[in-house]
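**Student:** Sharing a sequence plus its predicted fold:
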Amino acid sequence: MNIRTLFACVALAAPLAHAHVTLEQTTANAGAYQKLTFRVGHGCKGSPTHTLTVTLPAGVEGAKPMPKAGWTLSGTANQVSWKGGPLQDAHYDEFAMQVKLPATVGKYYFKVTQLCDEGRMDWDAIPDASGAKPASPAPVLEIVPAAAGAPHH
């Protein structure tokens, strides 16, 4: 493979690497209050996003979503939704909330539903034991042991 072909492959793959809903934070301390920022990099096959719903995994509690101008908030004990916008396909935005993390370490997956003017994306796939990356992965946060004396607020 020559250098031009390599650069072309990287340029074509770059948008795919950012095509998912992801978490800004990749790790956090067990038992802490944590701000989680969900990054949305595109709509649904060119269509603008009008709703983003995040489902909290078991053990993650007390979600306090951050309001966004032009969006309304709704939620339950384990789910938060932002409705409004719209967020155009060509634009990027972030949706944030504060939560209380569980004391148990491990990987926690946040299932996200993205509704668009035309279509939807369900970012809810969890990797299997083979380690293969799913096509529509759920954002993941790895909770690690808290350092001795680390603040919880």
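**Tutor:** Arrived safely, thanks for sending.
**Student:** check contacts around residue 86.
**Tutor:** Applying CB atoms under 8 Å, 6 or more residues apart in numbering, we find residue 86 in contact with 48, 49, 50, 117. In this view, the C-beta of every residue, glycine as well, is placed from N, C-alpha and C.
**Student:** does it count as helix, strand or coil?
**Tutor:** Local secondary structure at residue 86 is given as strand here, using DSSP: H, G, I helix; E, B strand; the rest coil.
**Student:** Now tell me which helix or strand of this structure has the poorest mean pLDDT.
**Tutor:** When the helices and strands of the chain are scored by mean pLDDT, DSSP states H and E, helix 3-17 comes last with a mean of 38.
**Student:** Show me what secondary structure element comes after it.
**Tutor:** For helix 3-17, the following helix or strand on the C-terminal side (DSSP states H and E) is strand 22-23.
**Student:** which residues sit against that following strand?
**Tutor:** For strand 22-23, the external contacting residues (CB under 8 Å, 6+ apart) are 36, 37, 38, 39, 41, 110, 139, 140, 141.
**Student:** switch to 7 Å and redo it
**Tutor:** Contact with strand 22-23 is made by 36, 37, 38, 39, 139, 140, 141, as judged by CB atoms under 7 Å, 6 or more residues apart in numbering.
**Student:** do the same with stretch 109-122
**Tutor:** Applying CB under 7 Å, 6+ apart, the external contacts of stretch 109-122 come out as 21, 38, 40, 43-45, 47-57, 86, 123-124, 126, 136, 138-140.
**Student:** which residues of the chain score low on pLDDT?
**Tutor:** For the chain, the stretches flagged by pLDDT under 70 are 1-19, 148-153.
**Student:** quick one, strands of it?
**Tutor:** 22-23, 27-29, 33-40, 49-55, 61-65, 71-76, 79-87, 93-100, 106-109, 111-116, 120-123, 140-144 (DSSP state E).
**Student:** Would you give the sheet partners of the shortest one, along with the direction of each?
**Tutor:** In other words, strand 22-23. Strands flanking strand 22-23 in the sheet, each with its direction: strand 33-40 (antiparallel) (DSSP bridges).
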